[in-house]
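**Q** Model the structure of this input:
(chains A and B)
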Amino acid sequence: MDGSISIYIHVPFCVRKCRYCDFPSFSGLSGRMEEYFSALLTEIREEKLTEGRTAETVYIGGGTPSCVPPAFISGIMEELSKKYRISPDAEISMEMNPGTVNPEALKAYREAGINRVSLGCQSFNDQSLKRLGRIHSSEDILKTFDLLREEGFENLNIDLISSLPGEKKKDLIRSVEAALSLKPEHISVYSLILEPGTELYREYEENRLKDLPDEDETLENDLAVREMLKDAGYSRYEISNYSLTGRECAHNRVYWNRGDYRGFGLSAASLTGNRRFANTDDLVYIKSPGKTLKEDRILSDREAMEEFMFLGLRQCSGISEAGFMKAFGYSITEVFAKELQKQIKDGFMEHSGDRYYYNDRGLDVSNILLAEFIAYDKI
Amino acid sequence: MDQQHIRNFSIIAHIDHGKSTLADRIIESTGLLTRREMQEQVLDNMDLERERGITIKSQAVRTVYKAKNGEEYIFNMIDTPGHVDFNYEVSRSLAACDGAVLVVDASQGIEAQTLANVYLALDNDLDVFPVLNKIDLPGAEPDRVAAEIEDVIGIEAMDAPRISAKQGIGIEDVLEDIVHKIPAPSGDPEKPLKALIFDSVYDSYKGIIVFIRIVDGSVKKGDRVRFMATGRSDNVVEVGYFGAGQFIPCDELSAGMVGYICASIKDLKETRVGDTVTKDDQPCEEALPGYRKVNSMVYCGIYPADAAKYSDLRDALEKLQLNDASLVYEPETSAALGFGFRCGFLGLLHLDIIVERLEREYDLELVTTAPGVVYKIYKTDGEVFELTNPANMPDPAEIEHMEEPIVSAEIMVNTEFLGAIIKLCQERRGVQTGMDYIETTRVLLKYDLPLNEIIYDFFDALKSRSRGYASFDYELKGYAPSSLVKLDILINREYVDALSFIVFKDSAYERGRKMCEKLKGEIPRHLFEIPIQAAVGGKVIARETVKAVRKDVLAKCYGGDISRKKKLLEKQKEGKKKMRQIGSVEVPKEAFLSVLKLDSED
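**A** Residues are numbered from 1 along each chain as shown, chains lettered A, B, ... in the order given. Down below sits the predicted model:
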């Protein structure tokens, strides 16, 4: 199999685990970084399936990739360039935490080829940062951002979380204003999710989390954010993602459009053709990199079609009839006529030319709508 | 063994006065089982009974007691339910006995069900002797309670055994009293077989097992017996008696004995509790008087949650009915719920137990509709019929008048709570028919109450307004004219037949309003606004609205881990699967019982 591919690298280390986070990441395990990266190199070196293809995007996420020695990041990039043809204009992103960055490290990342940085800010409200268990202040964000610009990074993303406990609309607006003042190329605004197993979830279970905004406030917050970002020239292109023209995250687009991607590292997921597989979430990964999988299956046509719908429709541009036909050899209306018609009739979806897409009302309740594309019988 | 050494008896008591514990102690003390073999309550062998701490299904146990006079006696102890819903079963069990042990809590004294059970026993011509239980408790006043028993019931109680079944105190005295105060059976073993069916169970190995009390004659394996009510005859393949929790085969059962027979009976409907068994070639002259016919007091619709399970539900009901003749059912259809059954029960507890057994023992998921009573409708064209399903109520213009069932209730209460309980009865349209002081602090209140007012939550309200002290018993008195209307519910402007119920006209507005409120809480929010309306005769009298969902809260996509996102969407969809579709609205099955909870704030 050939064609382009996207690469994901998972770095499961953090200085401290944030109180809302349920991603596979560990704090206090810096003693195992070396072993881990050597395992990662092994997994890449032994890769046969996608070897030799052209990497259009690389994404180094975590965890906190910026909390490990920069040499590890360079080592990975070097190994990748032996295995793949890295496209000269590839988007090469790396996630960073504002509390972990210094000029020397940034120089090293630049040299390794990183050209896009996603900065996990979450909020500019120091009280909220503290409550979320973040290791940085709002001032650290400003300093880090300036540093990134000084080091020549000209494609930057800021991550924010909305609907935080204790935050009112004005607090969120202040965070968004602060983010806009930095003029990043891309902004992601995620609604807080309480995930089982996190500190915040435990607080909620024990009835100690009483100041969460309700549904109406959440909606109002979102509307306000949408308005502000639009006015500042950022287009919404996915439920939670906004960017200046041409600065959409190419890597995420691959996920949503079901392009091929190969994930290396603990818990990393891959899709090649109709094969979905993912590495274990356990540190046993270090002993057998790429050999212990938590999932490995060939998707049926029906499953692939469902994915096409619930991933594609996350994007504001929605899905294309021709794209569906090309991918599956069936007309989309042969498979999903009832669901599409109903969602259009109910005023959540638009059908224009070749495309089906959700309007703002639809994007607001996408979970309920997307679930309708999943077949009953398999559940 | 000759009849002089057989004692057939029941233990009767108000709920929680310690009947089952005493039964356990009797089984232990008679040495059939060692202490170690005892499960905590040997007689209550259904899981459900153990969890609820009550006895649902009457059962019999045969034990051997060596009395102080040196002779051995066979005790056939027949356990009876204590709850008011199960008076019919109590009556069936008592008919197989010659006497009864009345257990009374030595601190609480006589309660409403104590009286009801004693009257049932006396109606069955049983000799009753009292036992004062729980004397180990600090509040026990056995002398006072003994005097109360003599005053109120009129049986001798001063020399009643004072025991603690829990601590095992005084059990020997009870055993001696059983020998001396309960009469031996007096049938004639030489006469043709005449035996009473007092219960039957379905067993997957033995088939149908018929519980009998031999009045005259005898029966053994190989005999051809006839069931007199149905006229059907069968070969007996096994006879035996009841060990603790097991069936023990024996050679022969003769006059005075209690035991079981298995015959090659295939059709579940062939064995009728209350029927007389005799020998086919040598029948007795006339059958025993049958039991009092049981009438269903409460009806509700039972539907499979998954429509494909309809025939499973039918089979399960058929099997349950064999164990419980008081359960009646017939097929019905609902626009909202599909194919199901309209079922009749003795009362609400009975309904609860049947539904739980269907769900647990037969692994069925059910949707049940609000219970209702049987109304009599007199139409203008002269036709009279019984209405068990509100959906079948004719147009009001065709109704001349309606009648509803009335019960006469007895409530035992401390004077402290008298005012609160009288108020409760008045709210429920009760008419006082009597008020007797049992002691200076305790009153027996008598009321006529519409059954419709007590089936939902009267018992709970009674308990909460008397801090748990009031006790209650009732029996059907008859029918009385009443002003009744059908209250309909519309969800998203669609009439939902399964939610209709019949209500006293003056309460319609209040009930409609509460019903809408409850449903608002039960129905999950959808992508559109859902009006919920209550209507009488097409006129809307109350309305609530379930607001539309406008924003979901978990919109994040986990990078390349699509499987995780998919699981979340599947979970979303799974939730919907458990609901019933009314038009475009998904309604959880709990909503169909909302009417039961209307007064829960009391």
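**Q** Tell me where the stretch 451-600 of chain B is predicted with low confidence.
**A** Along the stretch 451-600 of chain B, the model assigns pLDDT under 70 to residues B:553-560, B:577, B:595-600.
**Q** Report the buried residues of the strand or helix carrying B:Glu400.
**A** With elements delineated by DSSP states H and E, B:Glu400 resides in strand B:399-414, which encompasses its position. Neighbour counts over strand B:399-414 (16 or more other CB atoms under 10 Å in any protein chain shown) mark B:Met402, B:Glu403, B:Glu404, B:Pro405, B:Ile406, B:Val407, B:Ser408, B:Ala409, B:Glu410, B:Ile411, B:Met412, B:Val413 as buried. Bear in mind the C-beta positions are built from the backbone N, C-alpha and C, glycine included.
**Q** Output the contacting helices and strands for it.
**A** In terms of contacts (3 or more CB pairs under 8 Å, 6 or more residues apart in numbering or on different chains; DSSP states H and E), strand B:399-414 is packed against helix B:112-123, strand B:375-379, helix B:418-427, strand B:442-450, helix B:451-454, strand B:471-482.
**Q** Averaged pLDDT, that strand. What do you get?
**A** Model confidence over strand B:399-414, given as mean pLDDT, is 91.
**Q** Using PDB, list the CA coordinates for it.
**A** Presented in PDB, the C-alpha positions along strand B:399-414 are these (Å, rounded to 0.1, in the frame of the first residue of the first chain):
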ATOM      1  CA  ILE B 399     -72.500   5.800  30.600                       C
ATOM      2  CA  GLU B 400     -75.600   5.900  32.800                       C
ATOM      3  CA  HIS B 401     -73.500   5.600  36.000                       C
ATOM      4  CA  MET B 402     -70.400   3.900  37.300                       C
ATOM      5  CA  GLU B 403     -69.600   2.000  40.500                       C
ATOM      6  CA  GLU B 404     -66.400   1.400  42.300                       C
ATOM      7  CA  PRO B 405     -65.300  -1.300  44.700                       C
ATOM      8  CA  ILE B 406     -65.400  -0.300  48.400                       C
ATOM      9  CA  VAL B 407     -63.500  -2.100  51.100                       C
ATOM     10  CA  SER B 408     -64.100  -2.200  54.800                       C
ATOM     11  CA  ALA B 409     -60.800  -1.500  56.500                       C
ATOM     12  CA  GLU B 410     -59.700  -2.000  60.100                       C
ATOM     13  CA  ILE B 411     -56.800   0.200  61.300                       C
ATOM     14  CA  MET B 412     -55.200  -0.300  64.600                       C
ATOM     15  CA  VAL B 413     -53.500   2.900  65.800                       C
ATOM     16  CA  ASN B 414     -52.200   4.600  68.900                       C
END
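**Q** Which strands border that strand, and is each parallel or antiparallel?
**A** Pairing partners of strand B:399-414, with direction, according to DSSP bridges: strand B:375-379 (antiparallel), strand B:442-450 (antiparallel), strand B:471-482 (antiparallel).
**Q** nearest to B:Asp16, of those strands?
**A** When those are ranked by distance to B:Asp16, counting by CB to CB, first place goes to strand B:471-482 at 9.9 Å.
**Q** can you list contacts of the closest one?
**A** Under the criterion CB atoms under 8 Å, 6 or more residues apart in numbering or on different chains, residues B:14, B:84, B:87, B:111-113, B:115-116, B:295, B:297, B:376, B:401-413, B:448-451, B:454, B:458-459, B:462, B:504 lie in contact with strand B:471-482.
**Q** Counting by contacts, list what the helix or strand just after it packs against.
**A** Heading C-terminal from strand B:471-482, the first helix or strand you meet, by DSSP H and E, is strand B:484-491. Counting contacts by 3+ CB pairs under 8 Å, 6+ apart, strand B:484-491 packs against strand B:501-504, helix B:508-522, strand B:530-536.
**Q** hmm, whichever helix or strand comes after the last one touching chain A?
**A** Counting by DSSP H and E, the next helix or strand C-terminal to strand B:530-536 is strand B:539-546. No: figure legend: strand B:539-546 not in contact with chain A (CB under 8 Å from any CB of the partner chain); closest approach 13.3 Å.
**Q** now strand B:539-546 and strand B:484-491, what's the angle there?
**A** For the pair strand B:539-546 and strand B:484-491, the angle between their directions (axes from the mean of the first three to the mean of the last three CA atoms, to 10 degrees) equals 40 degrees.
**Q** Could I get the contacting residues of B:Glu586?
**A** Contacts for B:Glu586 were tallied using CB under 8 Å, 6+ apart; they are B:Ile523, B:Pro524, B:His526, B:Lys576, B:Met579, B:Arg580.
**Q** cutoff 6 Å now
**A** By CB atoms under 6 Å, 6 or more residues apart in numbering or on different chains, B:Glu586 lies in contact with B:Lys576, B:Met579.
**Q** Relative to B:Ala116, how far out is B:Lys446?
**A** Distance, B:Lys446 to B:Ala116, by CB to CB, to the nearest Å: 13 Å.
**Q** Likewise for B:Val236?
**A** 37 Å.
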